[in-house]
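Chemist: the sequence isn't on hand, but the structure is:
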C-alpha cells in the first residue's frame, strides 16, 4: 500500500498516515509561471494499492478548481505508471451540492466531476458527508464510499451537553434523513430516547426563508446536524427557531466548516452554545482567537485511516461507521 497527500491537504494526510502507522509516499508538485502545474510520484507505484488524499475546498493559495485538476492529473499519472488499484480520498468534495437541476438548463455538476474521476482512472472515490448521498452514489460508475460523522459526533455528545432532554434537528427538510440516522446512533450511545425536529427552509435567488419548526424542542438541548456550514445563516436561523420554540440551548454540528463570507460575524451573533466541525476544511477564514473560543474542531483522520485499512484488507466499512448490525 502507498498513501500520498497532495500539498494542500498535507496536514490532514499526515494525520491519516499517523493513524495508519505508515509514512506518506514522496511526490513532486510543480507550479509554473503561467499557472499550469504537474504532480508526479517519486516512488514506484507499479502493482501497488495506491491511495491519494486531497480535500477540494478553495483556499488562499489555490481554488477548488486548481485542486481538482491537481488531483485528477495525479491520478492519471499514477494509473499510467502502473498502480494496480487507485483510490481517491476526498474529505471535502467540491461541486457535490450541485447535484440536480433547480432551474431551466442548469448543469448537474456532480455528474460531470464523477466522469472526470472515472476518466482519470480512479477505481474508488471516498468522501465524507456529501450534501445528497443518493446523488453522489448515482453519479459515479466506479466504486464509491460515503463516510459520515454519526459515530464521531455521537461520541462527543456526552462531553458537550448536560443532563436533560435532547433533540436532534435538521435545519431543512432535505437533511431529515441525516438527522434521523444520527438520532438513532445517539440513542445507541446514550441508551435513552432522543427527540427529532426539522426547520422549514426555502432558498430563492440566494435568499433563505422559512421559520416553521416541526417537532417538540421545549426544554431540550437541540443538536442541529448538517453536512456543512458555509455562511452560517442556515444554522443561525435554526438556532433562533429552536429557542423561540422553547429549547434550552442549541449546538451546531457539521462535517465541513467552510465559513465563507460573513460567517464569523453570523456565528458571533447567533444564539449557539457551541459549533462543532471536523478538520476536512481548515478554519483559515476565521480569526484564530474566534475559532478557539467559538468552534470545536475534531479530526476526521481516523475515519479515513480506518476506511483505508478496511479497503486494503477487504473488511467491512459498515462496522467502521457504527452499523454493527451489518455483517462483514
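Modeler: Now that the structure is in, tell me what you want to look at. These numbers come from a predicted model, not from an experiment.

Chemist: shaky segments in the stretch 201-328 of the chain?
Modeler: Across the stretch 201-328 of the chain, the ranges flagged by pLDDT under 70 are 201-211, 324-328.

Chemist: which stretches of this protein form helices?
Modeler: Applying DSSP state H to the chain gives helices spanning 10-20, 64-80, 109-119, 133-139, 150-160, 176-190, 233-244, 263-269, 288-294, 301-313, 317-320.

Chemist: contact partners of stretch 151-163?
Modeler: The contact list for stretch 151-163, computed with CB atoms under 8 Å, 6 or more residues apart in numbering, reads 166, 182, 185-186, 188-190, 221, 223, 225, 249, 251, 253, 274, 276, 278, 296, 298, 300, 302-303, 321-322. (Each C-beta comes from the backbone N, C-alpha and C, glycine too.)

Chemist: rounded mean pLDDT for that stretch, please.
Modeler: On average, the pLDDT along stretch 151-163 is 90.

Chemist: repeat for stretch 27-43
Modeler: 94.

Chemist: mind listing what's buried in that stretch?
Modeler: Buried residues in stretch 27-43, counted by 16 or more other CB atoms under 10 Å: 27, 39, 41.

Chemist: got it, and stretch 7-26?
Modeler: Buried residues in stretch 7-26 (16+ other CB under 10 Å): 7-9, 12-13, 15-17, 19-20, 24-25.

Chemist: save these as TSV, and put in distance to residue 125 too.
Modeler: Below are the buried residues of stretch 7-26 laid out as TSV (distance: CB to CB, whole Å):
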residue	distance to residue 125
7	20
8	18
9	15
12	17
13	16
15	20
16	16
17	20
19	20
20	19
24	20
25	19
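
Chemist: span of stretch 2-16 from start to end?
Modeler: Terminal residues of stretch 2-16 lie 12 Å apart, using CA to CA, to the nearest Å.

Chemist: sorry, slip of the keys, the one I care about is stretch 28-47.
Modeler: For stretch 28-47, the end-to-end distance is 20 Å (CA to CA).

Chemist: pull the residues that contact that stretch.
Modeler: 2, 4, 6-7, 25-27, 66, 69-70, 73-74, 77-78, 81-84.

Chemist: quick one, which of those residues are buried?
Modeler: Here, 16+ other CB under 10 Å leaves 2, 4, 6-7, 25, 27, 66, 69-70, 73-74, 77-78, 83 buried among those.

Chemist: point out the least confident one among the residues you listed.
Modeler: For the buried ones among the contacts of stretch 28-47, the pLDDT minimum is residue 7, 92.

Chemist: just want to check the distance between the closest residue to residue 174 other than its chain neighbours and residue 172.
Modeler: Leaving aside its chain neighbours, residue 174 sits nearest to residue 132 (7.5 Å; criterion: CB to CB, 6 or more residues apart in numbering). As judged by CB to CB, to the nearest Å, residue 132 and residue 172 stand 12 Å apart.

Chemist: what sits against residue 283?
Modeler: 257, 259, 277, 291, 295, 297.

Chemist: if we can go back for a sec, residue 100: which of the helices of the chain is closest?
Modeler: Proximity to residue 100 (CB to CB) singles out helix 133-139 among those, at 6.6 Å.

Chemist: list the buried residues in the closest one.
Modeler: Those buried within helix 133-139 under the rule 16+ other CB under 10 Å are 133, 135-136, 139.

Chemist: what mean pLDDT does that helix get?
Modeler: Helix 133-139 comes out with an average pLDDT of 93.

Chemist: that one packs against which elements?
Modeler: helix 109-119, strand 143-147 (3 or more CB pairs under 8 Å, 6 or more residues apart in numbering; DSSP states H and E).

Chemist: neighbouring strands for the last one, and are they parallel or not?
Modeler: Each strand paired with strand 143-147, and its direction, by DSSP bridges: strand 124-128 (parallel).

Chemist: which other residues reach the partner strand?
Modeler: Identification of contacts with strand 124-128 by CB under 8 Å, 6+ apart yields 85-93, 96, 114, 117, 136, 140, 142-149, 255-256, 278, 280, 300, 303-304, 307, 311.

Chemist: next one: that strand to chain centre, how far?
Modeler: 10 Å (CA atoms, centre = their mean, to the nearest Å).

Chemist: and for stretch 314-321?
Modeler: Centroid separation between stretch 314-321 and its chain, computed with CA atoms, centre = their mean, is 18 Å.

Chemist: circling back to that earlier point, so which of the buried residues of stretch 27-43 belong to strands?
Modeler: 27, 39, 41 (DSSP state E).

Chemist: verify the stated contact: residue 237 with residue 200.
Modeler: No. With contacts counted by CB atoms under 8 Å, residue 237 stays clear of residue 200, the gap being 10.0 Å.

Chemist: neighbour count winner among those two?
Modeler: Shown here are residue 237 and residue 200; by other CB atoms under 10 Å, residue 237 has more neighbours (21 against 14).

Chemist: which residue ranges make up the domains of the chain?
Modeler: Per automatic domain parsing, the domain ranges recorded for the chain read 2-148+301-320, 150-298.

Chemist: end-to-end on the longest one?
Modeler: Right, the one you point to is domain 2-148+301-320. Counting by CA to CA, the terminal residues of domain 2-148+301-320 are separated by 21 Å.
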